[in-house]
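Trainee: Sharing a sequence plus its predicted fold:
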There are 2 protein chains.
Amino acid sequence: MDKAAPQIAKVVEALKAQFGDRVSVNDALREQHGRGESWHPSAPPDAVAFPTTTDEVVAIVKLCAAHHVPIVPFGAGTSLEGQVNAIHGGVCIDLSRMIGIVAVNTADLDCTVEAGVMRAQLNTHLRDQGLFFPVDPGAECTIGGMVATRASGTNAVRYGTMRESVLGLTMVLPDGSIIKTGGRARKSAAGYDLTRLFIGSEGTLGIVTEVTLRLAAIPESIAAATVGFQSIDEAVKTVIEVIQSAIPVARIELMDDVAVDAVNRYSKLSLPLQPTLFLEFHGSQSSVAENTREVGEIAAAHGGTGFQWADVAEDRSKLWEARHKAYYAGLALRPGSKGLVTDVCVPISRLAECIAATKADLAKASMPAPLLGHVGDGNFHVCFIIDPTKPNELHEAEHLHDRMVERAQDMGGTCTGEHGIGLGKIAHLQREAGEGVALMRRIKQAIDPAGLMNPGKMF
Amino acid sequence: MDKAAPQIAKVVEALKAQFGDRVSVNDALREQHGRGESWHPSAPPDAVAFPTTTDEVVAIVKLCAAHHVPIVPFGAGTSLEGQVNAIHGGVCIDLSRMIGIVAVNTADLDCTVEAGVMRAQLNTHLRDQGLFFPVDPGAECTIGGMVATRASGTNAVRYGTMRESVLGLTMVLPDGSIIKTGGRARKSAAGYDLTRLFIGSEGTLGIVTEVTLRLAAIPESIAAATVGFQSIDEAVKTVIEVIQSAIPVARIELMDDVAVDAVNRYSKLSLPLQPTLFLEFHGSQSSVAENTREVGEIAAAHGGTGFQWADVAEDRSKLWEARHKAYYAGLALRPGSKGLVTDVCVPISRLAECIAATKADLAKASMPAPLLGHVGDGNFHVCFIIDPTKPNELHEAEHLHDRMVERAQDMGGTCTGEHGIGLGKIAHLQREAGEGVALMRRIKQAIDPAGLMNPGKMF
């Protein structure tokens, strides 16, 4: 971060002159903007500003830059690794009022939206046009936040993550300049891939204000199902065989018995208390029927039982809503708790071994810890449900977390499939990327020489 | 580039001491290494080195860096925008002897190869394991070169480009340090996406020495076909409707009548002399049958006739070999010619209009100029077959080329879908990326402060 002393008072004064009540130093509001949905303690910014245009973002950034004040971009505040916590203070730029859907090009299956558009808002807007935006993290988050975190979700096994779904960006750089990256062509070999450099940069290189996204056509036929297994190993082996058979599942999600219990209670389901796969198939009627049959055979060969079909759209919605709320279902197992949620991703061939070793660790844990994930990608989560008043629990969870991450890395995997680095995984990134972190720092230094963009995150 | 005077003689002397006859200053060899397959005049390097390991690449890079000597990485020399031309001299690092296939993980559908492995070599190696690597530019090129150029090809509409196909890289940076980016997990949110920063960087940020690639399973069923149309507009409208219907074609390629004529002569085919689509479908027997029927109906509705099926693998190979050799077929229309080949990509909704306007320009051109492309992505090429002894022809072709690129950009497209920038499209990149180019320069400066890596390319 910039060595010169920040002059926050001057910045707040100037912001108030320009933005009136769209700038706040209210304690409750600052507290709320100082954290995401993880256990990390809130680190409130000095002020929160609510711009409504890219040019207003530019004005705020230039003001902060001129006065050496840190800048923290904020979407819906659902990040899980402390990405929005203003640990060096400064101005939080809340983009939630930039909710314009700039263009939808049905003929090209793309759209351009402002960064504050919510995932759900976009899909509601698209539905009548037979399109949808497939990337679906569990949280109710903004598109800009999803770009910043390189988010994914349940559909990634079929449709890719934000890495594959963003065609172009409008970014405000740390000096207040605006650049547009990418475009609307499906592919390009024109220069460095700035779009993908910004995807996953967690607000440390600039602020996303507009996003051009690839969309997908709502498939002719959709079928969803749940199937239970005697052991988690059999469930995982089913997943591995489905993926290795190149069957184009749209979704293939695992919940262990603890997660199923949490979801049953929270979302009023009545799934048998056993390791369970949630599946969905997209395509033509005949291809969905074919894929369904093939996966059914593989599941049966691994002892899968109790196939429950959700043929009606409402039943499917209920199922996936339950899946998406699994994190909150976990927290509800223990009122007043916080989640220390981990997120690793391994090559699919190592998934059974990685999950088995993780479950052996969890069997000894003193807190509930549901395991679930987007297993078709080799990605899974454990959510340690900790009592924030008991430091021992946080310490224990952190220890198990470290073991889990290092195990995944040692299997050729990554410390995070989709939640990012933030404050929570700085050491893990260092272990994983090694010399690459030094290169990331050089890029950061080149783009944000004063170090004002979301300082203290990632490295 | 570094302001200090290069000390090439000292570098050659030191290289000879270490590499013996794996370093050469032979004129013919230097001349051959001073150009790709485009019209750009050869700019020979001062010396060519043939390392066989990453550590040897490091040694060469450190030596060059210490003596302010430019470095130009070289694969198979098939680039089309002057990417390998050593316009500031220096040492060409020819990676064609780094041909080890380090690992194939059939269970994870991935592999790791050295940068000099040829695309065809890899596919021959994989065939017995039921896998293939789908990215297939027309040229016989190296995997490292494909990374550097962000290559794609006929399968990109289904399987993606190098951008989507590379999981990780081993890179030698301009200071001689080695970094490994990415890994074997299918997705990751761990830090900046260095992998994609290096993909398409055209040797300006470092040297690719190893690549981890996603593979695909050879599909159960494959069907290929050609179909002719009365007008190019009807052919393009067929493509647009197929893509907008989300039918998962594996390949959908267009050739205009000029390209068909060239391919007929060069590859001994007997296609009717009319705009023609080359198609391929991958999947289960039933899904291929279904897709085939759907596409057949769309083509027929646009007047498509003479559907010719290539059901036998040999016939399919002949068809796609002819397609891949289309550039050479174009050159053979006029012995002694050079190709000025352009490569634009537009949103699919603008494709018919863009091709129609381009064809109207070509109707007035004084040289043959086949039009063909990966139209499912909105990507197409024109190859101006010029007589290199006639400066007027180059001038005319450049003018038509500029018009074509600017038209594509004005339609929301890009100046290059897959050939890259090199020497040939520096001004076009500036027009397209605007302020983004300044940011690319800052990144270049951060990673290669002395400016020794492939100087003079891209910007």
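Mentor: Received the coordinates, thanks. Residues are numbered from 1 along each chain as shown, chains lettered A, B, ... in the order given.
Trainee: From here on, just use CA atoms for contacts and neighbour counts.
Mentor: OK.
Trainee: So A:T204 versus chain B, what's the distance?
Mentor: Distance, A:T204 to chain B, by C-alpha to the nearest C-alpha, to the nearest Å: 10 Å.
Trainee: would that residue count as being in a strand?
Mentor: No. Assessed with DSSP: H, G, I helix; E, B strand; the rest coil, A:T204 is coil; it does not lie in a strand.
Trainee: show me where pLDDT drops low in chain A?
Mentor: Residue ranges of chain A with pLDDT under 70: A:1-4.
Trainee: got the contact list for the residue most central in space within it?
Mentor: Against the mean C-alpha coordinate of chain A, by C-alpha atoms, centre = their mean, the closest residue is A:A151 at 3.7 Å. A:A151 makes contact with A:135, A:137, A:161-162, A:200, A:418-419, B:189 under the criterion C-alpha atoms under 8 Å, 6 or more residues apart in numbering or on different chains.
Trainee: how about the strands in the stretch 101-250 of chain A?
Mentor: A:101-105, A:110-114, A:131-132, A:166-172, A:178-182, A:207-214, A:216-217, A:221-228 (DSSP state E, counting those that start in this stretch).
Trainee: picking up where we left off before, just the buried residues from the contacts of A:A151, in PyMOL please.
Mentor: Here is the PyMOL selection string for the buried members of these, based on 16 or more other C-alpha atoms under 10 Å in any protein chain shown:
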select buried, (chain A and resi 135+137+161+162+200+418+419) or (chain B and resi 189)
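Trainee: Can you list which of the contacts of A:A151 are found in helices?
Mentor: Secondary structure from DSSP state H places A:M162 of the contacts of A:A151 in helices.
Trainee: Just give the closest residue to the residue in the stretch 101-250 of chain A that chain B sits nearest to, not the sequence neighbours.
Mentor: Nearest to chain B, among the residues of the stretch 101-250 of chain A, is A:S188, at 4.1 Å (C-alpha to the nearest C-alpha). Closest residue to A:S188 apart from its sequence neighbours, by C-alpha to C-alpha, 6 or more residues apart in numbering or on different chains: B:G417 at 4.1 Å.
Trainee: Roughly how far does that neighbour sit from B:M146?
Mentor: 13 Å (C-alpha to C-alpha, to the nearest Å).
Trainee: Those residues of the stretch 251-400 of chain A touching chain B, which are they?
Mentor: Residues of the stretch 251-400 of chain A lying close to chain B by C-alpha under 8 Å from any C-alpha of the partner chain are A:286-287, A:345-349, A:377-378.
Trainee: Make a ChimeraX selection of whichever of those turn out to be buried.
Mentor: Buried residues among those (16+ other C-alpha under 10 Å), as a ChimeraX selection:
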select /A:287,345,346,347,348,349,377,378
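Trainee: ok, the residues of the stretch 251-400 of chain A next to chain B vs B:A47, which is closest?
Mentor: Of all these, A:P347 has the smallest distance to B:A47: 41.6 Å, by C-alpha to C-alpha.
Trainee: I'd say the closest one and B:D108 touch.
Mentor: Yes. Counting by C-alpha atoms under 8 Å, A:P347 does reach B:D108; the two are 6.2 Å apart.
Trainee: Give me the buried stretch members for stretch A:148-168, please.
Mentor: A:148-168.
Trainee: To clarify, my last question referred to stretch A:40-55.
Mentor: Buried residues in stretch A:40-55, counted by 16+ other C-alpha under 10 Å: A:40, A:42-54.
Trainee: for stretch A:239-257, same thing?
Mentor: Result for stretch A:239-257 [16+ other C-alpha under 10 Å]: buried residues A:239-244, A:247-257.
Trainee: Over to stretch A:129-144?
Mentor: A:131-144.
Trainee: Endpoint to endpoint, it covers what distance?
Mentor: Terminal residues of stretch A:129-144 lie 23 Å apart, using C-alpha to C-alpha.
Trainee: and what of stretch A:176-194?
Mentor: 17 Å.
Trainee: Enumerate the positions of that stretch that are buried.
Mentor: Quick answer for stretch A:176-194 (16+ other C-alpha under 10 Å): A:176, A:178-194.
Trainee: in a helix, that's where A:G456 is, yeah?
Mentor: No. Counting by three-state DSSP, one finds A:G456 to be coil, located in no helix.
Trainee: Now do the contacts for it.
Mentor: Here A:G456 is in contact with A:87-88, A:423 (C-alpha under 8 Å, 6+ apart).
Trainee: distance of it from chain B?
Mentor: If you go by C-alpha to the nearest C-alpha, the gap between A:G456 and chain B works out to 13 Å.
Trainee: With A:N85 instead?
Mentor: 17 Å.
Trainee: which secondary structure element contains A:L63?
Mentor: Here A:L63 sits within helix A:54-66, counting by DSSP states H and E.
Trainee: between that helix and strand A:110-114, how many degrees?
Mentor: If you take axes from the mean of the first three to the mean of the last three C-alpha atoms, to 10 degrees, helix A:54-66 sits at 50 degrees to strand A:110-114.
Trainee: helices or strands up against the helix or strand following helix A:54-66?
Mentor: Scanning forward in sequence from helix A:54-66 by DSSP H and E, the next helix or strand is strand A:71-74. Secondary-structure packing of strand A:71-74 (3 or more C-alpha pairs under 8 Å, 6 or more residues apart in numbering or on different chains; DSSP states H and E): strand A:91-94.
Trainee: What lies in contact with the strand it packs on?
Mentor: Contact with strand A:91-94 is made by A:33, A:45-51, A:57, A:64, A:69-75, A:86, as judged by C-alpha under 8 Å, 6+ apart.
Trainee: Relative to that strand, what are the paired strands and their orientations?
Mentor: Under the criterion DSSP bridges, strand A:91-94 sits next to strand A:47-49 (parallel), strand A:71-74 (parallel) in its sheet.
Trainee: tell me how far that strand is from the chain's mean position?
Mentor: Using C-alpha atoms, centre = their mean, to the nearest Å, the mean C-alpha position of strand A:91-94 is found 20 Å from that of the whole chain.
Trainee: Alpha carbons only: can I get that strand in PDB?
Mentor: C-alpha atoms of strand A:91-94 as PDB (Å, rounded to 0.1, in the frame of the first residue of the first chain):
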ATOM      1  CA  VAL A  91     -13.600   3.700   0.900                       C
ATOM      2  CA  CYS A  92     -15.900   0.800   0.100                       C
ATOM      3  CA  ILE A  93     -17.400   1.100  -3.400                       C
ATOM      4  CA  ASP A  94     -20.700  -0.700  -3.300                       C
END
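Trainee: thinking A:L95 is in contact with A:T52, fair?
Mentor: Yes. In this structure A:L95 lies within contact range of A:T52 using C-alpha under 8 Å: 7.3 Å.
Trainee: shared neighbours, the two?
Mentor: Joint contacts of A:L95 and A:T52 (C-alpha under 8 Å, 6+ apart) do not exist.
Trainee: now what about stretch A:188-198, what contacts it?
Mentor: A:147-148, A:163, A:166-169, A:181-182, A:205-206, B:149-151, B:192-194, B:196-201, B:345, B:414-421, B:429, B:436, B:440, B:458.
Trainee: 7 Å - rerun?
Mentor: A:163, A:168-169, A:181-182, A:205, B:149-150, B:192-193, B:196-197, B:200-201, B:414-421, B:429, B:440, B:458 (C-alpha atoms under 7 Å, 6 or more residues apart in numbering or on different chains).
Trainee: Can you name the residues that contact A:D110?
Mentor: A:104, A:212-215.
Trainee: Just put the residues you listed in a markdown table and tack on distance to A:W309 and neighbour count.
Mentor: Formatted as a markdown table, the contacts of A:D110 follow (distance: C-alpha to C-alpha, whole Å; neighbours: other C-alpha atoms under 10 Å in any protein chain shown):
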| residue | distance to A:W309 | neighbour count |
| --- | --- | --- |
| A:V104 | 33 | 19 |
| A:T212 | 35 | 25 |
| A:L213 | 31 | 23 |
| A:R214 | 30 | 23 |
| A:L215 | 27 | 23 |
